[in-house]
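Novice: Let me see the structure of the following:
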Amino acid sequence: MTTTDTHAPPVPGHELMARLGATMADRFRLVVLAWIAVVVALGAAAPSVFSSLAGAGWQANGSESVQVRELAQEQFGGTGSDAIQVVVHSPTRTVDDPEMAAAIAGVTDVLNADDRISEVVPPRPGMTISPDGHTAIVLGGAGADPNAMVTAAGDLADPLAAVAGEGIEIHPTGASALWSDFNAANHDAMIKAEMLSWPVTLAIMVLAFGSLVAAGLPLLLTMAGLIASAGALVLLNELTPISVWAMNFAMMFALALGIDYALFLVVRFRDALRGGASARLAVAQTMATAGKAVLLSGLTVLVSLSAVLLVPAPAVRTMAVGIMLAVLFVLAATLTLLPAVLGRLGGKINAGSLPYAKRQEHRSPLFARWGGVVHRRPWPLALGALAVLALLSIPVFGLKVAMPSIQVVPEDAAVRQGYEIVQEQMGAGVPGTLQIVADARDADEVARAAAATDGVAMVSPAVYSSGDSGLVLVQAVPDVDPSDPALADTLDRLRSDLPASALVGGAPAENLDLQQALNDYLPIVMAVILVLGFLLLLVALRAPLVALLGTVVSLLSTGAAFGVAALIFQDGHGAALLGFEPQGFLDGWGPVFFFAMIFAIAMDYTVFLLSTVKEHYERTGDAAAAQVEGMAHSGRVIFAAAAVMVGVFFSFALAQPLPPKEMGIILGVAVLLDAAAIRLVLLPALLRITGQAAWWSPAWLRRLLPEISFSH
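Specialist: Numbers count the residues shown, from 1 in each chain. Next up, the predicted model:
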């Protein structure tokens with residue numbers, strides 16, 4: 001039955017997911033109209049998502065460096081780390097020449113005309129004028145929050161460039177300009193990668209489904225989920241700043257995961273139709289089996305990402321929020337809109353089928369034979385997979401992490417050109433100047449202690465606060481580049497040697513404080529993800545050993561993916577081929593965030609495989625046969641889903657900026673290894689080795705856990 005008949009006969013049994021599927025199929029028009037309303041309402045805000053979302057937020061809330069930035073804005077005219085520094089440079093003229101003086105005056109006028117600039121500090125000899133006089137820095141104090149200053153840096157780029165005359169260069173630089181150029185470069189790269197990934201994805205989908213209609217459905221559903229989540233992020237941004245990176249990650253992750261979910265349901269639906277079920281009953285059967293697995297997978301993804309919310313960094317938290325929102329909308333579309341459309345299409349789901357697809361069955365003979373090979377030779381295959389994963393994981397023990405350096409923006413970016421001019425003219429450490437706020441009574445002691453600190457090249461004269469706060473601001477210029485690991489030791493020495501009233505901040509200190517927070521929270525996030533992932537599998541599968549195996553093996557693909565990342569992005573193997581300059585470390589937010597994402601994907605495949613195996617085990621009670629049949633019925637879906645994900649993720653490896661390249665390669669390698677080495681080799685082999693014990697559960701635990709069945 002494919003119409004909206006409200007008097008349709010009940011589906012067999014009273015299983016919640018089956019009833020949900022049948023209800024969606026019965027109410028096709030209502031479900032479609034509801035989704036059109038949601039997409040139109042939220043989609044109205046979606047076009048402004050990249051211009052509306054926040055550009056900053058890369059900080060450790062409550063850290064000493066953030067306190068310094070806030071005090072600098074309140075008491076020292078906004079001359080903190082988020083101030084806009086404008087470099088005026090001429091190889092042939094000095095600041096005393098009329099042309100340079102006019103350029104500096106023009107920059108001052110542009111800055112003064114923007115109400116986000118609190119006050120303009122002119123170039124000062126000995127501090128912001130180079131020794132040869134060819135370079136000067138005009139400082140535009142931050143008169144707004146850090147996110148608004150990132151936007152201001154982007155808005156002021158063209159007006160400032162227009163001031164430059166013949167032989168005079170003008171480049172905005174500093175943390176706000178860096179994040180502005182960084183976000184713009186990454187946004188462009190993400191859009192290009194998305195445009196490339198769509199046709200690749202569609203081609204893989206047509207091959208996997210063998211039908212144009214079946215292949216197109218997941219893409220349409222994913223688009224609906226993405227548009228809705230983009231609009232929701234814009235609305236949420238009105239309540240609290242959401243990083244623009246939230247949408248970047250959401251676009252990529254939702255596309256890959258949404259297609260996975262739809263693939264699993266559509267394949268199961270077509271199998272039910274081949275078995276003689278009506279469209280309505282086929283939807284009910286699909287939701288009772290594959291739909292339940294998709295729901296569990298979605299919950300696992302949400303649980304994994306929710307652990308990232310523990311990290312006290314706004315950008316990191318909101319990236320997780322963005323993905324979670326996208327997953328929620330895609331999951332909702334998969335469990336409501338897709339069943340409704342499938343119920344209406346019925347046999348038309350196979351329209352436009354390729355010749356080979358008409359012979360396709362849900363049970364793959366190829367993967368059935370492979371399941372038999374695993375059944376006969378579990379030990380060699382398990383040990384071989386473990387050896388490969390362990391070998392790839394070895395570089396993890398030498399992995400270095402740090403916040404992104406100036407190398408993450410293109411060489412022609414204004415912020416990088418200004419940065420390099422300042423270093424060449426004034427010293428390597430000037431772009432990473434540290435700021436010290438202290439009690440005015442300690443001004444002399446702060447200046448003496450800072451100047452005597454190893455790693456400090458120069459200390460500026462003290463600047464007293466404009467109000468009655470009794471505070472003083474002293475700037476200390478390090479003798480190394482801001483990305484040099486030695487700067488961390490300099491910061492530690494300053495914080496230990498300065499008077500108790502002194503707080504040390506500045507842009508490099510904010511990066512180091514954030515990196516420390518990420519390092520501190522990494523084991524907590526990992527532990528929360530592992531425990532919650534295990535508990536979800538335990539509830540779903542009602543078997544402690546299987547739940548433990550499914551959780552532990554997911555760590556292996558994570559370790560191997562980060563091992564490959566260390567070889568590529570830290571050591572530079574393949575850097576020339578991939579077109580990037582290695583920084584000598586992995587971006588600092590990678591371990592926390594990518595661990596959650598990789599584990600979520602790994603558990604996604606774990607759920608697909610184990611739920612199918614459990615379904616056959618519930619029918620037969622034969623663990624060995626269930627292992628083979630589970631692979632026969634899920635192997636092709638896992639293989640196709642992994643191919644889609646790898647295609648999506650690796651398309652980001654072609655991006656010029658480093659962060660999306662890191663993301664694409666790390667996630668792509670993780671999916672490739674997880675599907676090929678773990679879900680199709682190691683985990684089935686472990687199921688064969690453990691046999692009936694894998695599905696054993698003590699009576700007291702069965703009484704505690706809810707009854708969840710994957711058979712229909």
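Novice: which stretches of the stretch 351-500 of the chain form helices?
Specialist: 365-376, 378-393, 414-426, 443-452, 486-497 (DSSP state H, counting those that start in this stretch).
Novice: quick one: the nearest residue to residue 430 once chain neighbours are set aside and residue 123, what's the gap?
Specialist: Sequence neighbours aside, residue 422 is the residue nearest to residue 430 in space, at 5.2 Å (criterion: C-beta to C-beta, 6 or more residues apart in numbering). Backbone N, C-alpha and C define where each C-beta goes, glycine included. Applying C-beta to C-beta, to the nearest Å, the value for residue 422 to residue 123 is 12 Å.
Novice: So those two - more neighbours on which side?
Specialist: Taking other C-beta atoms under 10 Å, residue 422 and residue 123 do not tie; residue 422 has more neighbours (24 against 21).
Novice: State the pLDDT value of residue 217.
Specialist: According to the per-residue confidence, residue 217 scores 84 in pLDDT.
Novice: Isn't it up against residue 341?
Specialist: Yes. Using C-beta atoms under 8 Å, residue 217 and residue 341 qualify as a contacting pair, with a distance of 6.6 Å.
Novice: where exactly do the strands run in the chain?
Specialist: Listed in chain order, the strands of the chain (DSSP state E) span 84-89, 117-121, 135-142, 169-173, 401-402, 434-439, 456-459, 463-464, 471-478, 503-505, 586-587.
Novice: OK, contacts around the most centrally placed residue in the chain?
Specialist: Compute the mean C-alpha point of the chain, and by C-alpha atoms, centre = their mean the closest residue is residue 249, 4.6 Å away. Residues in contact with residue 249, defined by C-beta atoms under 8 Å, 6 or more residues apart in numbering, are 319, 322-323, 663.
Novice: what's in contact with stretch 263-278?
Specialist: Defining contact as C-beta under 8 Å, 6+ apart, one finds that stretch 263-278 is touched by 1, 205, 208-209, 214, 217-218, 279, 281-283, 285-287, 289-291, 293-294, 334, 338-339, 342, 346-347, 349-350, 361-363, 608, 636-637, 640-641, 644.
Novice: Can you turn the buried part of those into a ChimeraX selection?
Specialist: Under the burial definition 16 or more other C-beta atoms under 10 Å, those of the contacts of stretch 263-278 that qualify are selected in ChimeraX by:
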select :1,205,208,209,214,217,218,279,281,282,283,285,286,287,289,290,291,293,294,334,338,339,342,346,349,350,362,608,636,637,640,641,644
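Novice: Kindly reformat the contacts of residue 249 as CSV and extend each row with distance to residue 479, neighbour count and pLDDT.
Specialist: Rendered in CSV, the data for the contacts of residue 249 read as follows (distance: C-beta to C-beta, whole Å; neighbours: other C-beta atoms under 10 Å; pLDDT from 0 to 100):
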residue, distance to residue 479, neighbour count, pLDDT
319, 34, 27, 92
322, 39, 30, 92
323, 41, 30, 91
663, 34, 26, 87
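Novice: Show only the entries of the residues you listed found in helices.
Specialist: When DSSP state H is applied, these are split such that 319, 322-323, 663 fall in helices.
Novice: Most widely separated two among the residues you listed?
Specialist: Using C-beta to C-beta, the two most remote members of the ones in helices among the contacts of residue 249 are 322 and 663, lying 13.6 Å apart.
Novice: all helices of the stretch 501-650 of the chain, in order?
Specialist: Counting by DSSP H, counting those that start in this stretch, the helices of the stretch 501-650 of the chain are 507-541, 544-565, 575-578, 590-620, 623-651.
Novice: Report the buried residues of the third one.
Specialist: Applying a neighbour-count criterion of 16+ other C-beta under 10 Å, one finds residue 578 buried in helix 575-578.
Novice: what about it, average pLDDT?
Specialist: 90.
Novice: Just the C-alphas of that helix, formatted as CSV.
Specialist: Coordinates of each C-alpha in helix 575-578 appear next as CSV, following Å, rounded to 0.1, in the frame of the first residue of the first chain:
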residue,chain,number,x,y,z
ALA,A,575,53.9,16.7,1.1
ALA,A,576,55.1,17.6,-2.4
LEU,A,577,52.6,15.3,-4.0
LEU,A,578,49.8,16.8,-1.9
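Novice: what would the strands of the chain look like in TSV with mean pLDDT?
Specialist: TSV is the format used below for these (pLDDT from 0 to 100):
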stretch	mean pLDDT
strand 84-89	97
strand 117-121	95
strand 135-142	97
strand 169-173	97
strand 401-402	92
strand 434-439	97
strand 456-459	96
strand 463-464	94
strand 471-478	97
strand 503-505	98
strand 586-587	92
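Novice: Just tell me which of the ones you listed ends up closest to residue 521.
Specialist: Ranking these by distance to residue 521, with C-beta to C-beta as the measure, places strand 401-402 first at 12.8 Å.
Novice: which strands and helices sit next to that closest one?
Specialist: When contacts are defined as 3 or more C-beta pairs under 8 Å, 6 or more residues apart in numbering; DSSP states H and E, strand 401-402 packs onto helix 507-541, strand 586-587.
Novice: what residues does that strand touch?
Specialist: So strand 401-402 is contacted by 483, 485, 511, 515, 518-519, 583, 585-588, 590-591 (C-beta under 8 Å, 6+ apart).
Novice: Using neighbour counts, trim those residues to the buried set.
Specialist: Going by neighbour count (16+ other C-beta under 10 Å), these have 483, 511, 515, 518, 583, 585-588, 590-591 buried.
Novice: can you name the two of those residues that are farthest apart?
Specialist: Taking C-beta to C-beta as the measure, the buried ones among the contacts of strand 401-402 reach their widest spread between 483 and 591, a distance of 17.9 Å.
Novice: Distance of residue 611 relative to residue 487?
Specialist: Distance from residue 611 to residue 487, by C-beta to C-beta: 50 Å.
Novice: circling back: looking at the buried ones among the contacts of strand 401-402, spot the one nearest residue 442.
Specialist: Of all the buried ones among the contacts of strand 401-402, residue 442 sits closest to residue 511, with 25.9 Å by C-beta to C-beta.
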